[in-house]
Each structure stands twice: as structure tokens, then as C-alpha cells.
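> need the 3D shape of this:
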Amino acid sequence: MRLCLFQPDIPQNVGAAIRLAACLGVTLEVIEPCGFPLSDKSLRRVAMDYVDQVDLEHHDSWEDFLNHPARKLGRLVLFTTRSARPYVDFSFQAGDTLLFGRESAGVPDEVHAAADAALFIPIRGRSLNVTKAAAMALGEALRQTDGFPSIAD
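Residues are numbered from 1 along each chain as shown. Next up, the predicted model:
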């Protein structure tokens, strides 16, 4: 299971995603450009020592992400408000990459077109913090695939 952030705007959300990925034992991918400098210094400031505990991959562009070998291992599952399919009605697979869009703008049409599935999280109101949404989605995906880390890990 992989978590991916598309061109995130807010460094604190990337920090929270790093901590989430480290705690759940999933790879975190970040697609550039970000709305802030993505450097070791900025990551350490927002993710503390979790940055050393996570499998973090960043891609210079959408094309770089698409050409990564992990794209051949599983499906690309986009979380978007433009979907009519609730995430709880989806059957996740262990190799899936869960993709979340930019906080300010989501993802462009070309990203929607590349996704194998598009899902939404039913909520009241307009939006949910991207890392909170990722935690909900990862929780369901890991539950379905028996992918939670064991207590011994």
C-alpha cells in the first residue's frame, strides 16, 4: 500500500502524512512541484524524527511519478470530490496507491484520466484536511487487505 500527495501546498500536511505513513508502515510519495521548498530541512521541521522512519519517495513531476516502477505493481486510486463512488464501497488491493490532490485545487483532468478508480469520502460540509482524509482511506484500505503493522513490528 502506498500513499501519494499530488503537489501539496502546505508543509505541515506533508509532515503529518510522513508521520502517518511511518506509523502505518506504508510508502509515502510526493509529486512536485510543492507549494513550498521540499528540502531535508523543511521536512525535518514538520515531520520531526519520523522522516528517518518512513519510506519517502518524491517525484519531480507527474510524468516522473507515472514512469516509476511502482505504477506497474498496483492500481492508482484517486480520492476526489468529483467522484460519486464512496470509498467504503471499494475493494482495495495491497498494491494500491492512494492519491490525494492539492489542498487548494485538487488534481487536473489528466490525473483523473490516469486513475484506475476515483473515490470520495462522504462528509458534511465542503472539505476535510488532506491528511485526515488519507488516514481514513488508509485505515479502510489496510483493514480490507490485512495490511496493518503487527504489534511486534
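
> confirm for me that Val77 is in contact with Leu119.
Yes: counting by Cβ atoms under 8 Å, Val77 does reach Leu119; the two are 6.3 Å apart. C-beta coordinates here come from the backbone N, C-alpha and C atoms, glycine included.

> what touches both of those two?
Phe90 (Cβ atoms under 8 Å, 6 or more residues apart in numbering).

> which secondary structure elements does the lowest-mean-pLDDT helix or strand in the chain sit against?
None of the helices or strands of the chain scores lower by mean pLDDT, DSSP states H and E than helix 40-47, at a mean of 73. Here helix 40-47 touches helix 11-24, going by 3 or more Cβ pairs under 8 Å, 6 or more residues apart in numbering; DSSP states H and E.

> so the helix or strand that the helix it packs on is followed by versus helix 40-47, what angle?
On the C-terminal side of helix 11-24, the closest following helix or strand by DSSP states H and E is strand 27-31. With axes from the mean of the first three to the mean of the last three Cα atoms, to 10 degrees defining the directions, strand 27-31 sits at 120 degrees from helix 40-47.

> residues in contact with strand 27-31?
Here strand 27-31 has contacts from 1-8, 14, 17-18, 20-21, 38, 54-59, 61-62, 64-65, 68, 70, 97, using Cβ under 8 Å, 6+ apart.

> make a PyMOL selection of the buried ones in those residues.
Buried residues within those, by 16 or more other Cβ atoms under 10 Å, are selected in PyMOL with:
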select buried, resi 1+2+3+4+5+6+7+8+14+17+18+20+21+54+56+58+59+62+65+97
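
> which ones among the contacts of strand 27-31 map onto strands?
Those of these mapping onto strands are 2-6, 56-59, 97, per DSSP state E.

> grab the nearest non-local neighbour of Leu24.
In space, Leu24 comes closest to Leu138 once its chain neighbours are excluded; the distance is 5.8 Å by Cβ to Cβ, 6 or more residues apart in numbering.
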